[in-house]
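# sequence first, then the predicted structure, then my questions.
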Amino acid sequence: MNLSPLAQRFVLHFGEMGSRWGINRTVGQIYALLYVSEKPLNADDIVDKLMISRSNVSMGLKDLETWRLVKLSHLPGDRRAFFSAPDDIWLIFKTLAEERQRREIDPTLTLLRESLLDEPEQPGDEHAHLRIRQMYELTELLTNWFADIRKLSPATLQSLMKMGGAVVRLVELKDRIVGSGGASQQTPDIRPS
């Protein structure tokens, strides 16, 4: 690769991790290169830096565009397309999570919902129906929670994440107060607004 040792190490690692996350290794490398690049790159720049074929770069860029992970721009006097990764790391995280939900979670929720509409017919179907309902309820709960989290500003989300164990302890305290028969009506709502 035609990169500094630091950039090359990052690009190679990101490519390997990408293959574990279900994306093509080359797509992961292209994204990592765009992420660490100071300026937008065109396809020829990417070919030169990663030493991969032009067709692989074109297909990789199209994949990244469908994931909404690259920005396309044009420079005055240059007919080529230039690509860059979004600058805001929180936007990248949010986009990745939304795309994973759209591609993986939403179809699963649809299948689970449709499965719950079918009444158990065969022996053993009651157990399967119960397990499907449990999976649906958990997935729906997580999906709704994630929708609430996505509404938070990056600053609020970062503050919430930094609180870490304090949030867990607060919820545990609330559960103990409610569970002990204490004044559950007086327990404040601790959900973020």
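Perfect, thanks for sending it. Please read these numbers as outputs of a predicted model, since none were measured by experiment. Numbers count the residues shown, from 1 in each chain.
# who's in contact with residue 92?
69, 85-86 (C-beta atoms under 8 Å, 6 or more residues apart in numbering). C-beta: built from backbone N, CA, C; applies to glycine.
# now the residue nearest the centre of the chain. Nearest residue, chain neighbours left out?
Nearest residue to the geometric centre of the chain (C-alpha atoms, centre = their mean): residue 97, 2.1 Å. Leaving aside its sequence neighbours, residue 97 sits nearest to residue 146 (C-beta to C-beta, 6 or more residues apart in numbering; 7.0 Å).
# and that neighbour, how far from residue 108?
To residue 108, residue 146 is 14 Å away according to C-beta to C-beta, to the nearest Å.
# helix or strand right after the helix or strand where the residue nearest to residue 97 lies?
For residue 146, the enclosing helix or strand under DSSP states H and E is helix 125-150. Following helix 125-150 in sequence order, the next helix or strand is helix 154-163 (DSSP H and E).
# who are the packing partners of that next one?
Applying 3 or more C-beta pairs under 8 Å, 6 or more residues apart in numbering; DSSP states H and E, one finds that helix 154-163 contacts helix 89-100.
# mind putting the contacts of residue 92 into CSV with secondary structure, neighbour count and pLDDT?
Formatted as CSV, the contacts of residue 92 follow (DSSP: H, G, I helix; E, B strand; the rest coil; neighbours: other C-beta atoms under 10 Å; pLDDT from 0 to 100):
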residue, secondary structure, neighbour count, pLDDT
69, coil, 22, 94
85, coil, 21, 96
86, coil, 16, 94
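# nearest to residue 49, of these?
Closest to residue 49 out of the contacts of residue 92 is residue 85 (14.3 Å), distances taken as C-beta to C-beta.
# quickly list the domain ranges of this protein.
What automatic domain parsing lists as the domains of the chain is 5-84, 89-151, 156-193.
# if I read this right, residue 154 contacts residue 93, doesn't it?
No: contact between residue 154 and residue 93 fails when scored by C-beta atoms under 8 Å: they sit 9.0 Å apart.
# could you list the low-pLDDT ranges of this protein?
The model of the chain has pLDDT under 70 over residues 181-193.
# buried ones in stretch 37-55?
37, 40-43, 45-47, 49-50, 52 (16 or more other C-beta atoms under 10 Å).
# cool, stretch 108-115 as well?
109, 112.
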